[in-house]
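**Q** fold the following.
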Amino acid sequence: MTNPPPPNDTPLNQPDPPGHGHSHATHHQPDPNPAHPSPESANPEPQPDPTPAHPSSESPATEHHASSEPQSTPPASAAPANPEGQPAPAASSESQPAPAPTPPASPGHAPASPTLWRTLTKAAGYSDDLTPEQQITRRTFVSFSAFALLGAAAWKSWFWIKDAVQSDGVQTPLRKVLNVDDKIFKHTLSPNHLAKTFPREQAAKNVRYNSGIGLGADPATWRLQVTRASGETLAITMDDLKALPKTDFAFEFKCIEGWSQVSWWGGVRFSDFIQHYNLSKETQQAYVGLTTPDDHYYIGVDTPSMLHPQTILAYEMSGKPLPTRHGAPLRLIIPIKYGVKNLKCIGKIFFSNDRPRDYWFERGYDYYCGL
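**A** Have a look, this model is predicted:
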């Protein structure tokens with residue numbers, strides 16, 4: 001049975017009643033600091049501390065032993081002690097930001113080394129860490145080393161290409177490059193891509209002559225032979241061709257050797273020729289082959305280029321019938337190709353899905369020869 005609670009006017013320095021909260025009697029010493037009464041003397045029953053600085057980890061026996069010691073309240077200026085007896089840090093009225101934690105170092109990783117770029121620039125002599133003499137020495141060494149390596153690579157490549165197996169008149173590595181060129185130019189062809197034309201007055205009076213392979217057909221007996229898909233062969237005369245709509249223009253004729261000249265040509269569009277003789281089925285094939293009457297000169301042209309609006313079967317040059325040296329009685333004019341594809345003295349035309357033979361392709365030039 002516990003004693004009744006003391007009245008509210010009980011002096012603050014009154015000692016705790018004997019036996020309060022314990023199984024045996026203990027005597028408390030008077031509180032040396034009457035301004036702060038002991039919690040046990042202020043309340044009849046033990047109350048938990050609402051804001052304990054540090055929860056006690058001691059056993060009840062320890063608490064009982066500690067309660068028998070005189071209780072004292074530390075001065076206001078002193079920090080309260082924690083259970084280990086160390087002073088607690090003073091509370092601050094303003095919260096201080098916690099320092100950012102330092103990430104732990106990854107195991108097995110050494111400190112970062114200089115970047116690859118700095119290493120390379122320094123090795124090449126472009127670094128402020130080097131003296132001027134060191135920079136000059138390193139740059140000179142790098143320059144001569146690069147020159148020597150490139151020279152050796154060029155020398156080795158030359159013999160590698162020269163000794164390579166031939167493919168259609170040229171070494172295989174070069175032929176592969178030319179085939180890539182063909183594929184690229186095929187995708188750039190468009191009916192709207194027209195060669196530039198010029199006034200007739202600007203056309204050359206003396207048209208340049210180049211090569212006479214396959215020339216010399218007799219205009220009186222000449223016939224244009226066209227092979228259909230069925231195997232039937234058409235024999236077309238010059239009068240038949242001149243009965244079709246005529247087209248003429250002046251353009252810059254370009255030779256694969258590097259020269260060019262503005263010249264004026266007249267004849268029938270190949271697309272009109274196809275339509276008149278009902279050869280649309282034949283033009284569904286990939287290529288058109290053309291040869292001279294004696295088969296000494298021959299070319300293959302992709303069908304879309306043959307159907308280009310500026311491709312003509314020409315029978316006039318500078319407003320007059322074709323001279324023999326320029327392909328009489330009929331020649332091909334195709335402004336979107338180099339001159340090697342402008343066959344003189346056409347004798348035969350056929351259609352194929354396979355590449356027809358081509359005179360200059362077999363001698364190392366590319367097949368497409370487009371502009």
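**Q** and whichever helix in the chain runs longest, what does it pack against?
**A** Ranked by residue count and defined by DSSP state H, the top helix of the chain is helix 132-162. Applying 3 or more C-beta pairs under 8 Å, 6 or more residues apart in numbering; DSSP states H and E, we find helix 132-162 packed against helix 172-186. Just so you know, the C-beta spots here come from the backbone N, C-alpha and C atoms, and that holds for glycine as well.
**Q** give me the element L343 is part of.
**A** Using DSSP states H and E, L343 sits in no helix or strand.
**Q** name the helix or strand for the closest residue to G347 other than its chain neighbours, please.
**A** Residue nearest to G347 in three dimensions, not counting chain neighbours: P293, with 3.2 Å by C-beta to C-beta, 6 or more residues apart in numbering. P293 belongs to no helix or strand when assigned by DSSP H and E.
**Q** how many neighbours does P293 have?
**A** Residue crowding around P293 was assessed by other C-beta atoms under 10 Å; the count is 20.
**Q** quick one: it from T197, how far?
**A** 31 Å (C-beta to C-beta, to the nearest Å).
**Q** same question for D295.
**A** From D295 to T197 the distance is 33 Å (C-beta to C-beta).
**Q** between these two, who's got more neighbours?
**A** The neighbour comparison of D295 against T197 (other C-beta under 10 Å) goes to T197, with 15 against 11.
**Q** may I have the phi/psi pair for that one?
**A** The phi/psi pair for T197 (degrees, to the nearest 10) reads phi -110, psi 160.
**Q** excluding sequence neighbours, find me the nearest residue to it.
**A** Spatial nearest neighbour of T197, excluding adjacent residues (C-beta to C-beta, 6+ apart): F249 at 4.8 Å.
**Q** tell me where the stretch 151-300 of the chain has strands.
**A** 166-167, 170-171, 197-198, 224-227, 233-236, 247-254, 260-269, 287-291, 298-302 (DSSP state E, counting those that start in this stretch).
**Q** got a list of contacts for the first one?
**A** For strand 166-167, the surrounding residues in contact (C-beta atoms under 8 Å, 6 or more residues apart in numbering) are 172, 175.
**Q** helix or strand right after the lowest-mean-pLDDT helix or strand in the chain?
**A** Across the helices and strands of the chain, mean pLDDT, DSSP states H and E gives its lowest value to helix 60-67, namely a mean of 41. Next helix or strand after helix 60-67 toward the C-terminus (DSSP H and E): helix 116-123.
**Q** what's that following helix packed up against?
**A** Contacts defined by 3+ C-beta pairs under 8 Å, 6+ apart place helix 116-123 against no helix or strand at all.
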